[in-house]
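Asker: build me a structure from this.
(2 chains)
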Amino acid sequence: MKTEHEIIETLKIGKKLSLFPAEKDAIKATLMAHANESLRHENVRVRTPWITWLLRSSAAFASIVFIAAGTAYAAQQSIPGETLYAVKVHLVEEVIALTKTEPAERTAYDITLMETRLSELKSLAAQEDVATPETLDVVAEQIREHADDITTTLANTDTSEIHHEEKVSTLERLSSVVRAQEKLSKHKSNISAITEPLRATEERVHSSLSTSVEDFADEQPSNALNNYLSSTITEVGETLTASSTNETVRDAAVRHLNDANELITDGKAKDALISAIEAKQAITVDAYLDDTERTDRDLERTRDETRPPRDQRDPRKNSEE
Amino acid sequence: MDKRLQWFETLYDTYADAIWRHLYMRLGERERAKELMQEVFLKTWQYVMLGKTITHEKAFLYQTAKNLFINEIRTNRHTTSLDKLEESGAQIPGTAEATSAYAEHTELMERLALLKEDYKTVLILRYVDDLPIKEIAELLDENESTISMRIKRGIEALKATYVTGHHTL
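Answerer: Below is the predicted model:
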């Protein structure tokens, strides 16, 4: 019987593995050629007469770039309703989006924008005032656009570029973010006006997700779907074991997992996958909102600490209590 | 030479073998591990070309390798079998004494293939890639005690393969 030390020494044999020098050099040559080519493209400039004029006024040009950079930086911290928010969504984010040329990169970026919108909703929700209808309309519109961009890109991209598993995984994540946004708006009265548009967006996303699962089941060999189903169930099981999910969420996830297992027994792998995704989403949505609940508890504690003792309060307010 | 290019060349020279080795031990396929290793460095270059800064190079490379590996197994392009392992086994270049080392390595790969993915991952990261537990925990987004426990169980599972010939944990 091998000892622990012998096992570890056996594992360390792996350290001796390496590429042949010729292999390593060949890959290096390919990478360096690619890097050189991308630098060459970076150095090409197309000048129009007005840019040439601007470049001649180098001090003015440098100032504009400096101010623009500073504005862009400040804009990134802004939330809906603030002056620079329009710069953030219509300039900064769109410029970054232009650099994402591959469909997979673009959808990944759009997902991060959705998560940014969720953070912004949390900031709005944390304020005492009711967010104006105009502000909420802007956010709802942004969320709708991002969601439509993602679902359209995935629908129009061939599976040779984005595989079925990635499509399903991306749509599942998108659906979780929108559900978290919807749940937050139901929970917070000062942003509740956005609930209905978010519900509509979530329905469209869920429909795309269902379609994507159908396409996956129809076009791929059954073991691919089964493998994805198996890894989803395993992931949910491990998350439930390892994390401190609240009881309601845990119960919901377990219920969906049980549904999935029954459907597997009935030979309905596609429907089982939908149930497994529901289980995963129960946990993911809770995780997205977890910060909000913690913030609420902190705010509640702060209010209690700053509230004057009963005998020092305004008697008129006391009578209302 | 552009400074980014110099930096990139040094990065490759320093970490290419380590990243390939990590991917090979997880995939069991030499050629596919080479392709993914190349992709790791390509993505790193693309990230830098977007103007972003990488503060922890090693962590970034391993994170990228991890993401590509997950993508690989999810898209089911990766299948393992003991036959494939034997076909695509890495050769340890060197002298005649490498023959017994090669036999040891083949046996190691076969036994690792019997383990649960979680155990295999942490054992490779700890004892082949030499990452400390703290870095492994950050890479896998787990806490340190979970990783320590997983390593311990992984060693037990690997030990068990010598007794029964298969993974019992």
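
Asker: any low-confidence regions in the chain?
Answerer: By default, I'm working from chain A. In the predicted model of chain A, residues A:43-76, A:128-130, A:220-221, A:241-245, A:291-321 satisfy pLDDT under 70.

Asker: think we crossed wires, I meant chain B
Answerer: Short version for chain B, where the test is pLDDT under 70: B:76-103, B:164-169.

Asker: do a quick rundown of the helices in it.
Answerer: Using DSSP state H, the helices of chain B run over residues B:3-27, B:30-49, B:57-74, B:82-87, B:98-112, B:117-123, B:133-140, B:144-164.

Asker: out of those helices, nearest to A:Lys167?
Answerer: Shortest distance between A:Lys167 and those, using C-beta to C-beta, is found for helix B:57-74: 11.4 Å. Bear in mind the C-beta positions are built from the backbone N, C-alpha and C, glycine included.

Asker: quick one: B:Trp20 from A:Lys28, how far?
Answerer: To A:Lys28, B:Trp20 is 12 Å away according to C-beta to C-beta, to the nearest Å.

Asker: and these two? which has more neighbours close in?
Answerer: B:Trp20 (26 against 17; other C-beta atoms under 10 Å in any protein chain shown).

Asker: now the more buried one. Nearest residue, chain neighbours left out?
Answerer: Leaving aside its chain neighbours, B:Trp20 sits nearest to B:Met37 (4.2 Å; criterion: C-beta to C-beta, 6 or more residues apart in numbering or on different chains).

Asker: what's around the one you found, how many residues?
Answerer: 28.

Asker: correct me, but it touches B:Ile19?
Answerer: Yes. With contact defined as C-beta atoms under 8 Å, B:Met37 reaches B:Ile19; the gap is 5.0 Å.

Asker: which residues do these two both contact?
Answerer: Residues touching both B:Met37 and B:Ile19 by C-beta atoms under 8 Å, 6 or more residues apart in numbering or on different chains: B:Ala65.

Asker: residues contacting B:Asn71?
Answerer: Contacts for B:Asn71 (C-beta under 8 Å, 6+ apart) come out as A:Glu166.

Asker: any idea how far B:Asp118 is from it?
Answerer: B:Asn71 is 18 Å from B:Asp118, by C-beta to C-beta.

Asker: contact residues of the stretch 1-150 of chain A facing chain B?
Answerer: Neighbours of chain B within the stretch 1-150 of chain A, by C-beta under 8 Å from any C-beta of the partner chain: A:1-2, A:4, A:7-8, A:10-20, A:23-24, A:27-28, A:30-32, A:34-36, A:38-39, A:42, A:99.

Asker: show me the helices in chain A, by range?
Answerer: Using DSSP H, helices in chain A cover A:4-11, A:21-42, A:49-56, A:58-76, A:85-87, A:93-98, A:103-126, A:133-156, A:164-187, A:195-219, A:222-242, A:247-265, A:269-306, A:315-320.

Asker: so which of these is the most surrounded?
Answerer: helix A:164-187 (a mean of 23; mean count of other C-beta atoms under 10 Å in any protein chain shown).

Asker: so B:Ala59 touches B:Ala137, yeah?
Answerer: No. Using C-beta under 8 Å, B:Ala59 is not in contact with B:Ala137; the gap is 11.6 Å.

Asker: of those two, which one has the most company?
Answerer: B:Ala137 (18 against 14).

Asker: pretty sure the more buried one is touching B:Arg150, no?
Answerer: No. If you go by C-beta under 8 Å, B:Ala137 and B:Arg150 don't touch, sitting 10.0 Å apart.

Asker: quick check: closest non-adjacent residue to B:Asp130.
Answerer: The shortest distance from B:Asp130 to any non-neighbouring residue, by C-beta to C-beta, 6+ apart, is to A:Lys15 (7.6 Å).

Asker: what's around B:Lys152, how many residues?
Answerer: 13.

Asker: can you check the one 4 residues further on too?
Answerer: Counted with other C-beta under 10 Å, residues neighbouring B:Glu156 total 14.

Asker: picking that back up, what sits against the residue nearest to B:Trp20?
Answerer: A:27, B:16, B:19-20, B:23, B:65.

Asker: same question, A:Ala97
Answerer: Per C-beta under 8 Å, 6+ apart, neighbours of A:Ala97: A:106, A:109-110.

Asker: out of those, which comes closest to chain B?
Answerer: Closest approach to chain B among the contacts of A:Ala97 (C-beta to the nearest C-beta): A:Tyr109, at 10.9 Å.

Asker: name the residue closest to the centre of chain B, please.
Answerer: With distances taken as C-alpha atoms, centre = their mean, B:His22 lies nearest the centre of chain B, 1.9 Å away.

Asker: got the contact list for residue 19?
Answerer: The chain I'm using is chain A. A:27, B:16-17, B:20, B:34.

Asker: nope, chain B
Answerer: Residues near B:Ile19 by C-beta under 8 Å, 6+ apart: B:37, B:40-41, B:61-62, B:65.

Asker: quick check: chain neighbours aside, which residue is closest to B:Tyr127?
Answerer: B:Tyr127's closest residue in space is A:Leu11 (C-beta to C-beta, 6+ apart), at 3.8 Å.

Asker: list the contacts for the one you found?
Answerer: So A:Leu11 contacts B:108, B:123-124, B:127-128, B:158 (C-beta under 8 Å, 6+ apart).

Asker: now render the residues you listed as JSON lines, adding distance to A:Ala260.
Answerer: Formatted as JSON lines, the contacts of A:Leu11 follow (distance: C-beta to C-beta, whole Å):
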{"residue": "B:Leu108", "distance to A:Ala260": "36"}
{"residue": "B:Leu123", "distance to A:Ala260": "30"}
{"residue": "B:Ile124", "distance to A:Ala260": "31"}
{"residue": "B:Tyr127", "distance to A:Ala260": "36"}
{"residue": "B:Val128", "distance to A:Ala260": "36"}
{"residue": "B:Leu158", "distance to A:Ala260": "32"}
